[in-house]
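Chemist: Predicted model, plus sequence, below.
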Amino acid sequence: MNAHAYPDLHLYIDGAWRKTTDDTPVLNPADETVLGALPIASRSDLDDALAAASEGFKTWRRTPPRVRAQIMLKAAGLMRERIEEIAAAITMEQGKPLAQSRLEVIRGCEFFEWDAGEAQRTYGRVIPSEPGIRYMVIHEPVGMVAAFSPWNFPMSQPSRKIAGALAAGCSIIIKAAEETPAGAYHIARALHDAGLPRGVFNLVFGVPADISRYLIPQKQTGLIAFTGSTAIGKHLTEIAARHMKPVLMELGGHAPVIVCDDVDPVAAANLSAVRKSRNAGQVCTSPTRFYVHEPLHAAFASAFAERARAVTIGNGFDPNTQMGPVANHRRVDALRALVEDAREKGAKVLVGGEKTTNRGYFFPLTVLADVPPDARVMSEEPFGPLAVINSVASIDDAIEKANALPFGLAAYAFTHSAAHAERLATGIEAGNVSINTLEASVAETPFGGVKESGYGREGGAEGLTHYTHVKTISHRMAM
Ligand code: NAD
């Protein structure tokens with residue numbers, strides 16, 4: 001089923017691969033077997049990475065944007081050539097079906113390709129002025145980026161941050177996810193083979209809190225870029241504030257989906273159930289709180305449950321598998337607890353709710369209906385294959401409920417009415433609102449949250465904003 005071996009993992013510091021004395025096992029979530037040993041960076045490894053990134057920044061900021069773009073495009077090309085090997089590693093360590101891992105590799109490459117183009121479009125401007133003086137605005141790279149990427153998308157999550165940093169002319173130290181390190185490892189390999197100058201990109205793994213505490217205060221650090229939970233995002237932002245460091249925070253979500261009474265409930269439910277199963281629901285934009293206009297509620301809920309029941313769960317290498325395991329035991333425990341709490345408070349469990357096997361972190365696509373507002377799942381991000389379907393009386397009721405949480409990342413709606421779409425798109429508090437599609441972002445569009453879902457945008461024409469700062473140059477032609 002899988003022709004590829006799991007990679008022999010290394011740190012990547014100053015253009016060289018490095019093993020360490022300390023390591024930790026990487027587990028396969030489908031069967032809990034050990035895939036490999038992950039090197040853990042020591043304090044002296046971090047010192048070396050910092051020194052390398054400082055030197056790397058000096059080189060890279062002076063490298064012409066066209067050359068930066070060429071290296072990034074070459075790396076993306078190599079990753080496209082290596083798609084089968086990279087996708088297999090992702091499925092091994094993270095569990096998703098192989099077809100989804102391939103799509104993730106392509107998505108990661110698209111982030112590199114888009115940002116390579118943007119590297120050449122960080123235009124400044126000349127401001128009209130009186131004769132004899134010229135005011136210019138230019139964008140300069142912020143310095144070294146300290147980046148932290150999570151385990152749900154081992155390759156595309158680090159790609160966003162690495163591509164943004166490299167395109168802007170920054171060097172980067174990234175601490176990728178310890179539980180799913182191979183995606184970032186393959187990016188390092190591609191950048192190395194594409195000829196990226198040493199020191200510009202450095203990959204470390206270790207104890208997350210130790211690494212962030214070390215990197216954030218450093219004078220070389222120009223930006224902290226983090227994707228993960230709101231709690232950790234706030235914690236890192238607090239440390240950053242103490243050292244006056246800017247942050248780019250892509251945090252949790254709890255995406256509402258509003259189903260209006262002018263759509264086919266079965267078609268909307270089928271689309272939604274399949275989307276909810278993507279990456280076993282471990283997506284910050286995963287559709288979670290379905291608010292269905294009352295007349296359609298019963299038909300929508302029963303079609304959703306039926307489609308959910310039909311989703312085949314299994315090892316990601318089995319071609320029949322539509323949903324793999326969740327990535328770690330923490331998710332299984334969290335999902336069980338949320339379902340139990342909702343059940344006790346009166347919710348109906350339409351399908352799923354129990355761990356399915358003794359071996360591997362399998363949890364079925366689970367659908368809850370008529371969930372009371374005080375159930376924890378109505379306010380805590382499930383980050384797994386768990387959907388709630390409640391009815392609403394009107395669009396205003398739906399918007400109020402959608403906006404009730406402190407999250408504001410992605411939101412969705414189904415309607416054929418342009419007037420409803422306009423009301424929903426402007427009324428919902430979220431960084432991304434999608435109508436009649438459950439896709440929240442592509443490389444060409446800016447992505448990020450409002451409220452406690454974070455700060456800043458990745459991708460699109462806005463994507464390099466955080467990786468650069470603005471400098472105003474006032475030039476009088478004669479003294
Ligand atoms: P967690 O909050 O412990 O960790 C989330 C991520 O942050 C992990 O990658 C972890 O390595 C990193 N991290 C933790 N402490 C850190 C620190 N002090 N410094 C730097 N990095 C640190 O939770 P978890 O159990 O790994 O994940 C569960 C929650 O995380 C989910 O409920 C979800 O809200 C969130 N999450 C969000 C995304 C996303 O795409 N926004 C991705 C993964 C996880």
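Modeler: Now that the structure is in, tell me what you want to look at. Given the structure is predicted, the values throughout are model-derived calculations rather than measurements.
Chemist: Now the residue in the stretch 351-479 of the chain that the ligand sits nearest to: closest residue in space, sequence neighbours ignored.
Modeler: Closest contact between the stretch 351-479 of the chain and the ligand, by C-beta to the nearest ligand atom, is at residue 383 (3.7 Å). To be clear about C-beta, it is placed using only N, CA and C from the backbone, and glycine gets the same treatment. Of all residues not flanking residue 383 in the chain, residue 282 sits nearest, at 5.6 Å (C-beta to C-beta, 6 or more residues apart in numbering).
Chemist: what pLDDT does that neighbour get?
Modeler: You'll see residue 282 listed with a pLDDT of 98.
Chemist: ok, it - how many residues close by?
Modeler: For residue 282, the neighbour count with other C-beta atoms under 10 Å is 23.
Chemist: could you check the distance from it over to residue 325?
Modeler: To residue 325, residue 282 is 10 Å away according to C-beta to C-beta, to the nearest Å.
Chemist: cool, and residue 110?
Modeler: Note on residue 110: its distance to residue 325, by C-beta to C-beta, is 26 Å.
Chemist: Check residue 108 too.
Modeler: On the measure of C-beta to C-beta, residue 108 and residue 325 end up 22 Å apart.
Chemist: ditto for residue 211
Modeler: From residue 211 to residue 325 the distance is 27 Å (C-beta to C-beta).
Chemist: Check whether the lengthiest helix in the chain comes near the ligand.
Modeler: In the chain, assigned by DSSP state H, the helix with the most residues is helix 98-119. No: judged by C-beta under 6 Å from any ligand atom, helix 98-119 stays clear of the ligand, getting no closer than 12.7 Å.
Chemist: Nearest the middle, which residue of the chain would you pick?
Modeler: Centroid check for the chain by C-alpha atoms, centre = their mean gives residue 157 as the closest residue, at 4.7 Å.
Chemist: So that residue, which state does it fall into?
Modeler: Secondary structure, DSSP: H, G, I helix; E, B strand; the rest coil: residue 157 is helix.
Chemist: continuing past the helix or strand harbouring residue 256, what's the next helix or strand?
Modeler: Element membership for residue 256 (DSSP states H and E) is strand 255-259. Following strand 255-259 in sequence order, the next helix or strand is helix 265-277 (DSSP H and E).
Chemist: Could I get the CA-only coordinates of that following helix as PDB?
Modeler: The C-alpha trace of helix 265-277 is given here as PDB (Å, rounded to 0.1, in the frame of the first residue of the first chain):
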ATOM      1  CA  PRO A 265     -31.200  20.900   2.100                       C
ATOM      2  CA  VAL A 266     -30.000  17.500   0.900                       C
ATOM      3  CA  ALA A 267     -27.400  18.900  -1.500                       C
ATOM      4  CA  ALA A 268     -26.100  21.300   1.200                       C
ATOM      5  CA  ALA A 269     -26.000  18.500   3.800                       C
ATOM      6  CA  ASN A 270     -24.000  16.200   1.400                       C
ATOM      7  CA  LEU A 271     -21.500  18.900   0.700                       C
ATOM      8  CA  SER A 272     -21.200  19.800   4.300                       C
ATOM      9  CA  ALA A 273     -20.700  16.200   5.600                       C
ATOM     10  CA  VAL A 274     -18.000  15.500   3.100                       C
ATOM     11  CA  ARG A 275     -16.200  18.800   3.900                       C
ATOM     12  CA  LYS A 276     -16.500  18.100   7.700                       C
ATOM     13  CA  SER A 277     -14.700  14.800   7.100                       C
END
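Chemist: Mind checking what helix or strand follows that helix in sequence?
Modeler: Moving toward the C-terminus from helix 265-277, the first helix or strand encountered (DSSP H and E) is strand 287-293.
Chemist: That following strand: partners in the sheet, and parallel or antiparallel?
Modeler: strand 255-259 (parallel), strand 386-392 (parallel) (DSSP bridges).
Chemist: Domains of the protein: list them as residue ranges, please.
Modeler: Domain assignment for the chain by automatic domain parsing gives 11-251+453-472, 255-442.
Chemist: what distance separates the start and the end of the shortest one?
Modeler: The reference is to domain 255-442. Terminal residues of domain 255-442 lie 17 Å apart, using C-alpha to C-alpha, to the nearest Å.
Chemist: Wait, the residue nearest to residue 383 touches residue 328, no?
Modeler: No: shown here, residue 282 and residue 328 do not form a contact pair, counting by C-beta atoms under 8 Å, at 9.6 Å.
Chemist: hmm, back to that, please report the distance of the residue nearest to residue 383 from the ligand.
Modeler: Distance, residue 282 to the ligand, by C-beta to the nearest ligand atom, to the nearest Å: 7 Å.
Chemist: again with residue 166
Modeler: Using C-beta to the nearest ligand atom, one gets 21 Å for the distance from residue 166 to the ligand.
Chemist: How about residue 278?
Modeler: Going from residue 278 to the ligand by C-beta to the nearest ligand atom gives 13 Å.
Chemist: Please tell me I have it right and residue 477 contacts residue 132.
Modeler: Yes: using C-beta under 8 Å, residue 477 is in contact with residue 132, at 5.3 Å.
Chemist: With that, I have no additional questions.
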